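J.: Sequence first, predicted model second:
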Amino acid sequence: MDAARLKESWSQVAAHGEQVPIYFYSTLFLAYPETRRMFPTNMAGQRDKLVSALGHIVSHVDQLDRLAEFLQQLGADHRKYAVRAEHYPAVGQALLATLRHFLRDAWTDELAKDWADAYELIAQVMIEAAEKAEAVDPPWWEAEVISHEQRTFDVAVLTVRPDYLLRFTPGQSIGVAHPAVRAWRYYSPANAPRRDGTIELHVRVTPGGAVSSRLVYGCAAGDCIYLAAPVGDRLTLRPAGSSDLLILAGGTGWAPMKALLEQVAAEDSRRQVALYVGARTRLEFYDTDAIDKLASSWPWLTVNHVVSLDFQRPGDLVHPVDRALADGDWRSRHVYVCGSDQMVAQSVASLTQAGYHAGQLHHEGFGGHWYGPTWRASTTPDNSGGVR
């Protein structure tokens with residue numbers, strides 16, 4: 001398997017843009033129409049995920065240790081979409097047909113064998129990871145909504161209790177689905193693991209977001225939702241060791257930061273933590289009481305609220321990173337950033353320009369969860385344990 005040849009051929013295919021996933025899914029659904037029900041009606045976002053994930057896989061094809069971890073996460077995560085071992089050959093055939101179509105004369109027997117071998121390895125790792133995960137955790141948990149608080153027009157805080165313990169690490173994200181919507185979305189718990197197993201979710205409605213709309217406007221105490229196994233480690237405390245922290249949170253990006261703070265408190269460490277929480281207006285600080293309570297309880301925590309919009313200075317926007325950099329030099333600390341794509345991108349750029357190095361900056365990346373499934377299905381579980 002020639003890694004350089006795989007990378008070069010993929011760069012040629014990827015140059016065709018959105019035509020690549022369109023052709024792939026058309027090929028898959030025509031040859032295997034039974035797979036169509038596993039995907040959302042609107043495939044626009046799905047097409048982006050396919051190209052992004054394939055690009056990540058190919059770019060790391062010569063770094064098998066890193067790639068294996070990524071594929072194992074994908075394999076385990078795909079279980080909640082009712083993906084089984086018998087689906088992999090269908091996807092492989094559609095992928096090879098897509099590559100052949102766009103490469104045309106450049107599609108040689110040698111290249112075809114390289115891609116077939118690569119996909120066989122990918123499928124094997126993902127299938128084995130799914131089987132291993134199946135022995136430990138179910139594909140999803142049913143969870144009862146214990147409380148539902150409408151904090152602002154478009155933000156709700158839900159407390160849910162899974163039917164049995166869902167293990168996670170603060171900073172990770174869990175899949176969330178509503179029985180009425182055939183889709184999953186990721187949310188980071190706003191708490192460290194609790195003895196009673198309950199999980200706090202902070203949800204903001206996103207434009208066109210069927211899951212977020214249901215959770216905010218169509219959910220109440222006593223309802224049932226579905227949760228999936230945690231993913232990701234970019235926002236966990238492990239990479240930071242025992243160092244002091246600077247935390248920058250925007251909007252509902254406060255949720256995983258709240259969980260990290262609870263973990264710091266539970267560890268009884270000597271960390272010092274500076275927290276900057278941002279919102280567009282004062283009315284959008286939806287969890288102020290909880291933040292004030294934490295600040296008064298933990299002497300190692302300092303809190304700063306940052307309002308982006310100043311109506312007396314309408315052209316001047318202030319972000320948490322701006323205030324933090326103005327307040328002092330934090331380059332001895334690890335920095336955790338969570339918020340909108342724009343907020344994270346701007347924060348990382350400003351910190352980098354100010355001399356902070358990549359190893360001390362922790363964020364999920366831009367454009368959502370990079371570890372999302374390559375061809376994720378959108379089926380949701382029914383109450384009998386099957387899928388619909």
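T.: Received, thanks.

J.: how about the protein, which residue sits the furthest from its center?
T.: residue 105 (38.2 Å; CA atoms, centre = their mean).

J.: any idea of the mean pLDDT for the helix or strand encompassing residue 295?
T.: Element membership for residue 295, per DSSP states H and E: helix 288-297. For helix 288-297, the mean pLDDT works out to 94.

J.: Counting by contacts, list what the next helix or strand after it packs against.
T.: Next helix or strand after helix 288-297 toward the C-terminus (DSSP H and E): strand 301-307. Counting contacts by 3 or more CB pairs under 8 Å, 6 or more residues apart in numbering; DSSP states H and E, strand 301-307 packs against strand 273-279, helix 288-297, helix 320-327. From N, CA and C alone the C-beta is placed, and that goes for glycine too.

J.: how about these in a markdown table, adding mean neighbour count and distance to residue 308?
T.: Shown next, in a markdown table, are the helices and strands packed on strand 301-307 (neighbours: other CB atoms under 10 Å; distance: least, CB to CB, whole Å):
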| stretch | mean neighbour count | distance to residue 308 |
| --- | --- | --- |
| strand 273-279 | 24 | 6 |
| helix 288-297 | 13 | 16 |
| helix 320-327 | 19 | 9 |
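
J.: closest one to residue 110 among those?
T.: Residue 110 lies closest to helix 320-327 among the helices and strands packed on strand 301-307, at 49.3 Å (CB to CB).

J.: would you say residue 203 is within a strand?
T.: Yes. Per DSSP: H, G, I helix; E, B strand; the rest coil, residue 203 lies within a strand segment.

J.: Who are the contact partners of the nearest residue to it once chain neighbours are set aside?
T.: Sequence neighbours aside, residue 215 is the residue nearest to residue 203 in space, at 4.6 Å (criterion: CB to CB, 6 or more residues apart in numbering). Shown in contact with residue 215 (CB atoms under 8 Å, 6 or more residues apart in numbering): 156, 158, 176, 178, 201, 203, 225.

J.: Return the residues in contact with the fourth one.
T.: With contacts taken as CB under 8 Å, 6+ apart, residue 178 has the following neighbours: 211, 214-215, 218-219, 225-226, 380.

J.: just the angle between the top strand by length along the chain and helix 288-297, please?
T.: Of all the segments of type strand in the chain, defined by DSSP state E, the longest one is strand 141-152. Strand 141-152 and helix 288-297 are oriented at 100 degrees to each other (axes from the mean of the first three to the mean of the last three CA atoms, to 10 degrees).

J.: re earlier: compute the distance between the residue farthest from the centre of the chain and residue 111, please.
T.: 11 Å (CB to CB, to the nearest Å).

J.: cool, and residue 73?
T.: The gap separating residue 73 from residue 111 is 28 Å, by CB to CB.

J.: Also residue 174?
T.: For residue 174 relative to residue 111 (CB to CB), the value is 39 Å.

J.: higher neighbour count, the two?
T.: More crowded of residue 174 and residue 111, by other CB atoms under 10 Å: residue 174, with 23 against 18.

J.: could you pull out the strands for the stretch 101-250 of the chain?
T.: 141-152, 155-162, 174-177, 185-187, 199-204, 224-227, 245-250 (DSSP state E, counting those that start in this stretch).

J.: which stretch among the ones you listed comes nearest residue 283?
T.: If you check each of these against residue 283 by CB to CB, strand 141-152 wins as the nearest, at 7.0 Å.

J.: what's the closest one packed up against?
T.: strand 155-162, strand 224-227.

J.: Nearest to residue 36, out of these?
T.: Counting by CB to CB, residue 36 lies closest to strand 224-227 out of those; the figure is 21.7 Å.

J.: Now do that closest one: everything it contacts.
T.: 80, 140-145, 160, 162, 166, 174-179, 199, 215, 219, 380-381, 383.

J.: swap the cut-off to 7 Å and go again
T.: Under the contact criterion CB atoms under 7 Å, 6 or more residues apart in numbering, strand 224-227 has outside partners 140-145, 160, 162, 166, 174-179, 380-381.

J.: got it, and stretch 342-350?
T.: 248, 250, 319, 321, 325, 337, 361, 363, 366.

J.: Go ahead and build a PyMOL selection from the buried members of those.
T.: Selection of buried members from the contacts of stretch 342-350 for PyMOL, criterion 16 or more other CB atoms under 10 Å:
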select buried, resi 248+250+319+321+325+337+361+363
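
J.: For residue 102, give its distance to residue 328.
T.: Separation of residue 102 from residue 328 (CB to CB): 52 Å.

J.: Looking at those two, which is more packed in?
T.: residue 102 (18 against 9).

J.: I'd like the distance between the more buried one and residue 333.
T.: Distance, residue 102 to residue 333, using CB to CB: 47 Å.

J.: One more: residue 112?
T.: Residue 112 sits 51 Å away from residue 333, going by CB to CB.

J.: Looking at those two now, which is surrounded by more residues?
T.: Taking neighbours as other CB under 10 Å, residue 112 and residue 333 compare with residue 333 leading, 19 against 14.
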